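J.: Sequence and predicted structure, then a few things I'm wondering about:
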Amino acid sequence: MVERFEGGFSLKKLLFGSIRKKLTFAFGVLLLLLLIIISVTYLLNKQISEDQAYLREVNAPLGLMVEQVRGDDAILTEEVYGALLHAEKGESSLLKEHRAVYDAVGVQLDNLLKIEAPALVNKSRRSIEDKQKIYTILSELDRINLLLTDFEVSAFKDMENGDFITVRSLVLTNQYSDYKKELEDLYTSWEKEEGRIAEQYRQRVLMNSRNVQYYNLFLGTFFIIIALVLPFFIIRSISRPVKELTELTKEVQKGNLKVRANVLTGDELEELGKAFNVSTEQLERIDKDRAQIDKAKTEFMSITSHELRSPMTPMKAQLQMVLGNYFGKLNKEQKESLQIVLNNTERLDKIIVDFLEISRIEAARLKFNFIRVDLTKTVDSVIEEMKGFLPEKKIQIISRVERLPTIEVDPDRVSQVLRNLINNAIKFTPENGKIEVSAKLSNGMILFSVRDSGIGIPESAQRRLFEPFYQVDNMYQHISGGTGLGLAICKGIIESQNGKIWLSSQPNKGTIFYFTVPLRPIREVKAIRLLLSQESTDENIKSLFKQYLGPLGNKEFEGLKDSNGISSDSVINYIYFLGKQGILTKEFVEEFKNRSLLILSSEEAASKSSVSDKIRREELKKVGLI
C-alpha cells in the first residue's frame, strides 16, 4: 500500500519551502492587505478632512467677504446720500459724522480688497486659473471703487462748501449709477466663482466619503476571501500529508510493514515521510528476520520432536519386555530400577508429544475436526473420566452446566483443554476438597470455568502461567512432576479459534480458570507464538525502556513487569501515563507506543489492545497530548 501526496508545482515549493515559510508568507500577505486597507482609508479620510478644513477656513470666509464688501460699498453710498440730505437741511454737524463713517468704512473696504481677500485667495488650494479670475475681479473692484471714491470725496468737499448743485451733478449722474451697477456685476461674478469653487470641494468631499465606503467594502471583502482561501490551502498542504502519515502509521500498528509514504511537499513533512520510510524498511527487515527465526525454530522443534520420538517406542517396548520377565526373572532391586527408567521414558515421551503439539500450534498446523455437538455431554464425559484421577484425595467434582446450544466445534479439543484444567485443579486441591466446572452462553460465546479450592497462585506469577515450562516456584514439578507445557497448549488451542483463556486467583482461596469457545468455528487456523517468545519480547521491550528512559529504564521495566506484567495493555498504559505526567513528549509517546506494539504484536495482541487504545487516545486528546 503506497500513499502519495504531491506538493504542487515548483513555484509553490519555491515560495513556501518549509512550513515556517508557508506560515510567514500567509501572515505577510494578510498583514500587507491590512496595511493597504488602513493606508487607503487614512489617505481618503485625510483628504476629506483637508477639504472640509479648506471649505471652513478659506472658501467660507471668501464667500462672506463678498457680502461684506458689498455691504461696505452700500454703506459708503448710503453715507454720501445721507450727508447730502443733512447738508441741504443745514445740519453741518451731521455732515461731519457721515464723513467720519465714510472714511472708516472706506479704509475697511480698501483693506478687504487689497489685503485680506488677496491673502485668502493666495492661501487657497484652487487652481491658478481660478485664482487669476478672483485677482482680476478684485483688481476691477479696486479700480472702480477708486473712481467712485473720487466722485464721493469731491461731493463731500462741495457739501462742506455749500455747493449742492455740483454735488448733485456728481452723485446723481448716469456715470455714478453705471459705476455702481458695474460694482454689483463684479460682486455677483465673485460670488458665483466662490460658490462654484466651494461646490467643487463639497463634491470632492462627498465623492471621497463614498470612496471610503467602497474601498473599505471591496478591500475588506478581498481581505476576508484571502484570509479564508490562503490559510485553507496552506492548512491543506500540511494536514493532508499529516493525515496520510497518520493512516500509514495505523497500518504499521496493524502489522502492515509494506506501506511507504510518498510526500512531495518540499518541507519538513517530506523529511518526515522519508524518515517514516526508512523506519518501516528497517522494521520490515527486522520482521522478516524474526519470521524466519520463528519458522526455523518451529521447524527445528517439529523435526527434533519427531526424531526424538522415533526411538522412544522401541525403548518402551524393550523395557516393558524386561519388566515382564521376557528375558529372565528380575530381582526386586532390578525391577524397581527399570521401573524408574520406564516411568521417565514415558514422561519424556509425553514431553515430546507436547513439543509436537506446540510446534503444530506455532506453525498453524493444529488439526481440528469440527462436528455439530452439544458440549454438555462433552463436559459430563470429561468430569466422569477425571473422577478416577487421584481417587485417594476424595475430591468432589461438581457440574454447573447451563443449557448450551448445539454448535459446530471440535469436542476433542474442548475435552483436551477441560481435562488439563481439571487435572491441574485436582493436583492442587487438598483432600476432601471440591472442584466446580461450569459452562454457559455469554456474549456470543460459550464461557467455561474450572474453580478449585486449592492453594491459589501468587499474583506476580499469574501473568506468566501460560508460558511454556513456566512453573510457580517449581511448584508443579515438585508436587506432580508436570512439564509446564499443558497450559501453553491450552492457550494455543483456544486462541487459534479466536477464544480467550485467563485465570483469577488469590493465595489460599483457590483459582478459577476461564476460557471461551466461539459459536462458529475458525477454519483458517492462525499461528500462535508460544515457545520462547515471551523472553525475547521482554528483552526487546526492556531495550526500548532503556532507550527512552535512560538509566532508569531497567528499574521501570522491572517494576512494571512485577506489578502488571509485560503485555500490550500494560506497556501502552504505562507509556501514556509517562505522557500525561510530562515525562515524555507527544512525539516520543507515539513513537514509543508504536515500537512497543510492533514488538508485542501478535494478531491477538493488536486486536486486543485496539479498543482500549481508542479509549486512551480520547483521554489524551482531552489533556492535549495527541
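T.: Happy to help now that I have it.

J.: gap between residue 211 and residue 353?
T.: Separation of residue 211 from residue 353 (CB to CB, to the nearest Å): 98 Å. Using the backbone N, CA and C atoms, a C-beta is placed for each residue, glycine as well.

J.: Correction: the previous question concerned residue 504.
T.: Per CB to CB, residue 504 is found 30 Å from residue 353.

J.: do the same with residue 317
T.: Counting by CB to CB - residue 317 and residue 353 are separated by 17 Å.

J.: So between the two, which is more surrounded?
T.: residue 353 (15 against 10; other CB atoms under 10 Å).

J.: If you count neighbours, what's buried in the helix or strand residue 48 falls within?
T.: Element membership of residue 48 [criterion: DSSP states H and E] is helix 19-54. Applying a neighbour-count criterion of 16 or more other CB atoms under 10 Å, one finds 22, 26, 33, 37, 40-41, 44, 47-48, 51, 54 buried in helix 19-54.

J.: which element is residue 514 on?
T.: Taking DSSP H and E as the criterion, residue 514 maps to strand 511-518.

J.: Can you tell me what sits against that strand?
T.: 375, 407, 409, 414, 417, 421, 424-425, 428, 442, 444-452, 454, 456-457, 490, 494, 497-505 (CB atoms under 8 Å, 6 or more residues apart in numbering).

J.: One more pass at 7 Å, please.
T.: Applying CB atoms under 7 Å, 6 or more residues apart in numbering, the contact partners of strand 511-518 are 409, 414, 417, 421, 445-452, 454, 456-457, 494, 497-505.

J.: Of those, keep whichever come out buried.
T.: In terms of neighbour count (16+ other CB under 10 Å), the buried residues within the contacts of strand 511-518 are 409, 414, 417, 421, 445-452, 454, 456-457, 494, 497-499, 501, 503, 505.

J.: re earlier: got CSV for the buried residues of helix 19-54, with pLDDT and distance to residue 437 too?
T.: Shown next, in CSV, are those (pLDDT from 0 to 100; distance: CB to CB, whole Å):
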residue, pLDDT, distance to residue 437
22, 75, 67
26, 78, 70
33, 85, 79
37, 85, 83
40, 84, 89
41, 85, 88
44, 83, 93
47, 81, 99
48, 81, 97
51, 74, 103
54, 73, 108
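
J.: Looking at the residues you listed, which is nearest residue 289?
T.: Of all the buried residues of helix 19-54, residue 22 has the smallest distance to residue 289: 40.7 Å, by CB to CB.

J.: Tell me the spacing between residue 120 and residue 197.
T.: When residue 120 is compared with residue 197 (using CB to CB), they lie 12 Å apart.

J.: Just list the residues touching residue 284, thanks.
T.: Residues counted as contacts of residue 284 (CB under 7 Å, 6+ apart) are 257-258.

J.: Can you tell me the element it falls in?
T.: helix 268-309.

J.: Mind checking the pLDDT average for that helix?
T.: Mean pLDDT, helix 268-309: 75.

J.: all strands of the stretch 301-450 of the chain, in order?
T.: With DSSP state E, counting those that start in this stretch as the criterion, the stretch 301-450 of the chain has strands at 371-373, 396-401, 407-409, 434-442, 445-451.

J.: got those as CSV, with distance to residue 587 columns?
T.: Formatted as CSV, these follow (distance: least, CB to CB, whole Å):
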stretch, distance to residue 587
strand 371-373, 54
strand 396-401, 52
strand 407-409, 47
strand 434-442, 42
strand 445-451, 40
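
J.: is it fair to say residue 502 lies in a strand?
T.: Yes. Applying DSSP: H, G, I helix; E, B strand; the rest coil, one finds residue 502 inside a strand.

J.: what about the residue lying closest to it once chain neighbours are set aside, how many neighbours?
T.: For residue 502, ignoring the flanking residues on the chain, the nearest one in space by CB to CB, 6 or more residues apart in numbering is residue 514 at 5.5 Å. Counted with other CB under 10 Å, the neighbours of residue 514 add up to 17.

J.: beta partners for residue 514?
T.: Beta bridges link residue 514 to residue 449, residue 502, judged by DSSP bridges.

J.: Return the distance of it relative to residue 398.
T.: The spacing between residue 514 and residue 398, counted by CB to CB, is 17 Å.

J.: could you pull out the strands for the stretch 451-600 of the chain?
T.: All strands of the stretch 451-600 of the chain, identified by DSSP E, counting those that start in this stretch, fall at 501-505, 511-518.

J.: before we move on, back to that, when residue 120 and residue 197 are compared, which one has more neighbours?
T.: Legend: neighbour count by other CB under 10 Å for residue 120 and residue 197, higher for residue 197 (24 against 16).

J.: which residues touch that one?
T.: Contacts for residue 197 (CB under 7 Å, 6+ apart) come out as 59, 126, 130.

J.: Quick check: phi and psi on the last one?
T.: Recorded main-chain torsions at residue 130 are phi -70, psi -40, according to degrees, to the nearest 10.

J.: show me what contacts it?
T.: Counting by CB under 7 Å, 6+ apart, residue 130 makes contact with residue 197.

J.: Next, the angle from the strand holding residue 514 to strand 501-505.
T.: Counting by axes from the mean of the first three to the mean of the last three CA atoms, to 10 degrees, strand 511-518 lies at 160 degrees to strand 501-505.

J.: what about strand 511-518, average pLDDT?
T.: Regarding strand 511-518, the rounded mean pLDDT is 94.

J.: how about JSON lines for the strands of the stretch 451-600 of the chain, with distance to residue 282 added?
T.: Below are those laid out as JSON lines (distance: least, CB to CB, whole Å):
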{"stretch": "strand 501-505", "distance to residue 282": "34"}
{"stretch": "strand 511-518", "distance to residue 282": "37"}
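
J.: Among the ones you listed, which comes closest to residue 575?
T.: Closest to residue 575 of those is strand 501-505 (CB to CB; 23.1 Å).

J.: any idea how far residue 229 is from residue 58?
T.: From residue 229 to residue 58 the distance is 48 Å (CB to CB).

J.: quick one, which of the two is more surrounded?
T.: residue 58 (20 against 10).

J.: next one: phi and psi at the closest residue to the more buried one other than its chain neighbours?
T.: Of all residues not flanking residue 58 in the chain, residue 124 sits nearest, at 4.7 Å (CB to CB, 6+ apart). Dihedral pair for residue 124: phi -70, psi 160, per degrees, to the nearest 10.
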